[in-house]
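Student: kindly return the folded structure for what I paste below:
(2 chains)
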2 protein chains.
Amino acid sequence: MAEAVRLDKTARQLRMLSDALDSGRLGPVRRLVNTLSPAEIGNLLESLPPGKREVVWGLVDPEDDGEVLVHVGEEVRESLLADMDPDEIVAAVEDLDIDDLADLVEDLPATVIDEVLKSMDRENRERLEQVLSYPEDSAGRLMNPDVVTVRGDVNVDVVLRYLRLRGELPDHTDYLFVVTKRHQYLGRVSLASLVTHEDSTPINRLIDDEQPAIDVGEGAQEVARQFSDHDWISAPVVDDNNILLGRITIDDVVDIIRDQAEHQAMSAAGLDEDEDLFSPIRRAFRRRMLWLGVNLCTAFIASSVVSQFEGTIAKLVALAALMPIVAGMGGNAGTQVLALMVRGLALGQIGASNVYVLLRKELGVALINGLVLGTLLGIIVLVWFRQPGLSLVIGTALTLNMLTAAAGGVAVPLALKRMGFDPALAGSVILTTLTDVMGFMSFLGLATLILL
Amino acid sequence: MAEAVRLDKTARQLRMLSDALDSGRLGPVRRLVNTLSPAEIGNLLESLPPGKREVVWGLVDPEDDGEVLVHVGEEVRESLLADMDPDEIVAAVEDLDIDDLADLVEDLPATVIDEVLKSMDRENRERLEQVLSYPEDSAGRLMNPDVVTVRGDVNVDVVLRYLRLRGELPDHTDYLFVVTKRHQYLGRVSLASLVTHEDSTPINRLIDDEQPAIDVGEGAQEVARQFSDHDWISAPVVDDNNILLGRITIDDVVDIIRDQAEHQAMSAAGLDEDEDLFSPIRRAFRRRMLWLGVNLCTAFIASSVVSQFEGTIAKLVALAALMPIVAGMGGNAGTQVLALMVRGLALGQIGASNVYVLLRKELGVALINGLVLGTLLGIIVLVWFRQPGLSLVIGTALTLNMLTAAAGGVAVPLALKRMGFDPALAGSVILTTLTDVMGFMSFLGLATLILL
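Tutor: Model (predicted):
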């Protein structure tokens, strides 16, 4: 509750900015925009409708352009890039970190990519090409090859001298990596331990070799899980021969976690998480059409079930008014089980060893819910229509549909995951089709049997 | 796709553990469990049904007990605490960091809290009491008072000598905080700059005073937003007088982001994010009952609309089979707009300045979707029932309901947020009631006007 009452900083800035834009005073807009971090500017640009968005984008300090592009969704990024000429794009992206550049590069026009590659020195170009050689959503794509390595057979003072000579460290450097001559990963030494130990301490004594290195082929989701399970800030990435290739830092992991959550929330409604709030109508239409089309097909399945019982409905029209209740309540109950399952599957908490216990529990909950709500529904229907038979039919049908919802809510996401589909995306449409069909069939079927 | 194919580490561990448990060999179970981090053990315990859960909990190294308790959901935590005697609980939690202890303390029995407080030294007790004095979900609750502070008027070598004397630093220390004599926050100095600068460099020259300190009363969500927008690892927390109180670290922020995402996904289905996968049937029943009860009430609203048209349905029973299509498609389209709005509102991207542009866009998308899908639906119905009037009615009704879904999808979450309710929780039930009512009313109403 308090959340909603509190004035949201972004919404406030948006309001100020919008007022300044409307009044045509671009000076204050520029000053306001350039007090923000690139991520905040990205969020602001996403919340601006076309027209205003281009104006504000033109006012962003060119130095921040690259970072801002990294921080916006794909659709918005395309709209921003469309507004820049090739030279501007090259200037914007050439100073980015390798991992950020790798993230961006696919959205750039081919000619611009060539220019960017040409503008880089050979070492960085090779690093970029290496990062790009790994599949998207793998540790290789997330890593930054810019790491500080030391040898284990020296003392603290040697390392400190080396660091002073080297100067600035890469962002979020909390550990230095200890490697062999052949650049094999041995372990890590924290900056904290460097500054809390005497100059004469050998590095070997400070090595933390407990943290396993991440394999370059590991999936992004698994990387995120490990970071959050172990409270890491950064982690080394190695290849099959244990050669240190780079490191992944928590800021990129936070982005993965956010993207993943967004993906789950959006795909439950059949949306792409990269959808721009203000995407052009034609594009938004195309994006949503597929999902609605699929739902139209499944609606016909439910509809054809009802049409089998037209004779029954013709004799007792009250059935038509009541049948959506049975179907809808099954859908609601199923959605609850589905949400629990999708979370459990995402956390790896559900497998062959516990799914039967889970199914039994959900069937138990559904049975009680069905009996309680079915009785309640039966009583209301009795008061409304004064037909005890109808009450019995609707109460029984509701209980049956609740049980169907529980069984389907457990089985559907599990089956989808086994078949390699995203349970969050396809789960709800399949499950509601199931509960619609079962709801109509049990209610109208029982009515045909008992009431006619 | 690849995500599902890849064998999930947790699921694999779960399988091994479960097999070992089934065979009754507790030795291997103990060894397996104690190779895991506390967060991983927590995840594993959450995925174990009652019975097995208690057995594994008994095998966890008592040293990890406290950390594990921090990492599980509230319901599971209660089930674990119920299994411990007071002495065990005190021993488990007394070595926790203050912020973690503050997080746990409310779930502990009152007698245990007294014991824990007694077992702490005075300084830590006062710190805990201070943290607990701030409201839940505020920066004050998230912070850890254990910080390393230095003065600005000394050189690097003095600080390094002090750190060596002090020994170990708190976890995730990436910056030292520079304070005045009265402990007012002046800025921060990174460990990276300490190790890359000469001994004789004055600390004042290394101070980064650009990062604003977090106000102790700031909300957890806003703290999380700032961390992810600025890529912070840690941030200082101050009171109204700029006195340094503690610091917040990224690992707690990652937890907030995860909890927030979970809350959103679960509350869309009317669930509590703390729901245990294996909560006792009676408790799960009670938790879900309320939501299903609300949905039952709204189902009656839709049902009563249909019953107004019983005369029409009696004359043309096909209407009963087709009406769920119109209602359901409106619900699907509305859910898409709702998902987009909930995300936008959570990111602060939607306000008075852009909501009309957004509404216009969504109405445009809905109109095209309605016309295209309405025509398609009309053609199918024409082939099925060979009544051009019925085709016209269903096509028009679908378009009208799509427009309702768009308007409602924008307006409902916005209105809920204004009134201080969670749009993710209440949005879907209100919106689908709206699209059900409008779907039935427009379809059956138009049919009454045109076909009878």
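Student: just the strands in the stretch 1-150 of chain A please.
Tutor: Taking DSSP state E, counting those that start in this stretch, the strands of the stretch 1-150 of chain A run over residues A:149-150.
Student: what strand or helix carries the residue minimising distance to the centre of chain A?
Tutor: Among the residues of chain A, the one closest to the centroid is A:Gln260, at 1.9 Å (C-alpha atoms, centre = their mean). Using DSSP states H and E, the element containing A:Gln260 is helix A:250-267.
Student: residues in contact with that helix: which ones?
Tutor: Applying C-beta atoms under 8 Å, 6 or more residues apart in numbering or on different chains, the contact partners of helix A:250-267 are A:99, A:142, A:171-172, A:220-221, A:223-224, A:227-228, A:232-234, A:272-273, A:275, A:342, A:346, A:422, A:424-425, B:227-228, B:231, B:233, B:250, B:253-254, B:257-258, B:260-262, B:264-265, B:268, B:339-340, B:342-343. The C-beta positions use only the backbone N, C-alpha and C, and glycine is treated the same way.
Student: please apply the same query to stretch A:185-199.
Tutor: Here stretch A:185-199 has contacts from A:150, A:152, A:155-157, A:159-160, A:173-180, A:203, A:206-209, A:211, A:213, A:236, A:238, A:242-244, B:160, B:163-164, B:166-169, B:173-174, B:191-192, B:194-195, using C-beta under 8 Å, 6+ apart.
Student: now find how far off-centre it is within its chain.
Tutor: 35 Å (C-alpha atoms, centre = their mean, to the nearest Å).
Student: only the buried residues of it, if you could.
Tutor: Within stretch A:185-199, the residues that count as buried by 16 or more other C-beta atoms under 10 Å in any protein chain shown are A:185-197.
Student: so of the residues you listed, which ones are in helices?
Tutor: A:191-196 (DSSP state H).
Student: can you list those residues in TSV and add distance to A:Phe443?
Tutor: TSV is the format used below for those (distance: C-beta to C-beta, whole Å):
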residue	distance to A:Phe443
A:Leu191	67
A:Ala192	66
A:Ser193	69
A:Leu194	72
A:Val195	72
A:Thr196	72
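Student: of those, which pair is most distant in space?
Tutor: For those, the farthest-apart pair by C-beta to C-beta is A:Leu191 and A:Thr196; their separation is 9.6 Å.
Student: who's the closest residue to A:Asp240 other than its chain neighbours bridged to?
Tutor: Closest residue in space to A:Asp240, ignoring its immediate chain neighbours: A:Asp215 at 7.7 Å, by C-beta to C-beta, 6 or more residues apart in numbering or on different chains. Note on A:Asp215: beta-bridge partners A:Val238, judged by DSSP bridges.
Student: am I right that A:Asp215 is in contact with A:Gly140?
Tutor: No: the criterion here is C-beta atoms under 8 Å, and A:Asp215 misses it with A:Gly140 at 9.2 Å.
Student: of the two, which one has the most company?
Tutor: Comparing A:Asp215 with A:Gly140 by other C-beta atoms under 10 Å in any protein chain shown, the one with more neighbours is A:Gly140, at 26 against 17.
Student: contacts only, for the closest residue in space to A:Ala92 that isn't next to it in sequence.
Tutor: With sequence-adjacent residues excluded and distances taken as C-beta to C-beta, 6+ apart, A:Ala92 is closest to A:Asp65, at 3.6 Å. For A:Asp65, the contacting residues are A:84, A:88, A:91-92, by C-beta under 8 Å, 6+ apart.
Student: now A:Val237
Tutor: So A:Val237 contacts A:139-140, A:143, A:213-216, A:244-248 (C-beta under 8 Å, 6+ apart).
Student: which SS class is A:Phe278?
Tutor: coil (DSSP: H, G, I helix; E, B strand; the rest coil).
Student: run a quick neighbour tally on it.
Tutor: Residues contacting A:Phe278 under the criterion other C-beta under 10 Å number 23.
Student: and the nearest residue to A:Glu54 once chain neighbours are set aside, what is it in contact with?
Tutor: Closest residue in space to A:Glu54, ignoring its immediate chain neighbours: A:Asp83 at 5.4 Å, by C-beta to C-beta, 6+ apart. For A:Asp83, the contacting residues are A:54, A:57-58, by C-beta under 8 Å, 6+ apart.
Student: could you pull out the helices for the stretch 201-350 of chain A?
Tutor: A:203-206, A:220-230, A:250-267, A:281-307, A:310-315, A:318-346 (DSSP state H, counting those that start in this stretch).
Student: low-scoring stretches of chain A, by residue?
Tutor: Along chain A, the model assigns pLDDT under 70 to residues A:1-11.
Student: can I see the domain layout of it?
Tutor: A:2-137, A:149-249, A:281-451 (automatic domain parsing).
Student: A:Asp137 - how many residues pack around it?
Tutor: 17.
Student: touching, it and A:Gly217? I think so.
Tutor: No: counting by C-beta under 8 Å, A:Asp137 stays clear of A:Gly217, with 10.8 Å between them.
Student: in the helix or strand containing A:Ala426, which residues are buried?
Tutor: Using DSSP H and E, A:Ala426 maps to helix A:423-451. Buried positions in helix A:423-451, judged by neighbour count with 16+ other C-beta under 10 Å: A:423-448, A:451.
Student: also near chain B: which of those residues, exactly?
Tutor: Contacts with chain B are made by A:432, A:436, A:440 out of these, judged by C-beta under 8 Å from any C-beta of the partner chain.
Student: from these, pick the one nearest chain B.
Tutor: A:Asp436 (7.0 Å; C-beta to the nearest C-beta).
Student: what about the closest residue to the closest one other than its chain neighbours, how many residues close to it?
Tutor: Computed as C-beta to C-beta, 6+ apart, the closest residue to A:Asp436 that is not its neighbour in sequence is A:Ala302, at 3.8 Å. Number of residues near A:Ala302 (other C-beta under 10 Å) recorded here: 24.
Student: was I right to think A:Ala302 contacts A:Phe440?
Tutor: Yes: here A:Ala302 reaches A:Phe440: they are 6.1 Å apart, a contact under C-beta under 8 Å.
Student: list residues touching both of the two?
Tutor: A:327, B:324.
Student: which other helices and strands does whichever strand or helix holds A:Leu390 contact?
Tutor: Using DSSP H and E, A:Leu390 falls within helix A:388-418. With contacts taken as 3 or more C-beta pairs under 8 Å, 6 or more residues apart in numbering or on different chains; DSSP states H and E, helix A:388-418 sits against helix A:318-346, helix A:355-385, helix A:423-451.
Student: again, 10 Å this time
Tutor: Helix A:388-418 sits against helix A:318-346, helix A:355-385, helix A:423-451, helix B:2-5, with contacts defined as 3 or more C-beta pairs under 10 Å, 6 or more residues apart in numbering or on different chains; DSSP states H and E.
Student: buried residues in it?
Tutor: Neighbour counts over helix A:388-418 (16+ other C-beta under 10 Å) mark A:390-414, A:416-417 as buried.
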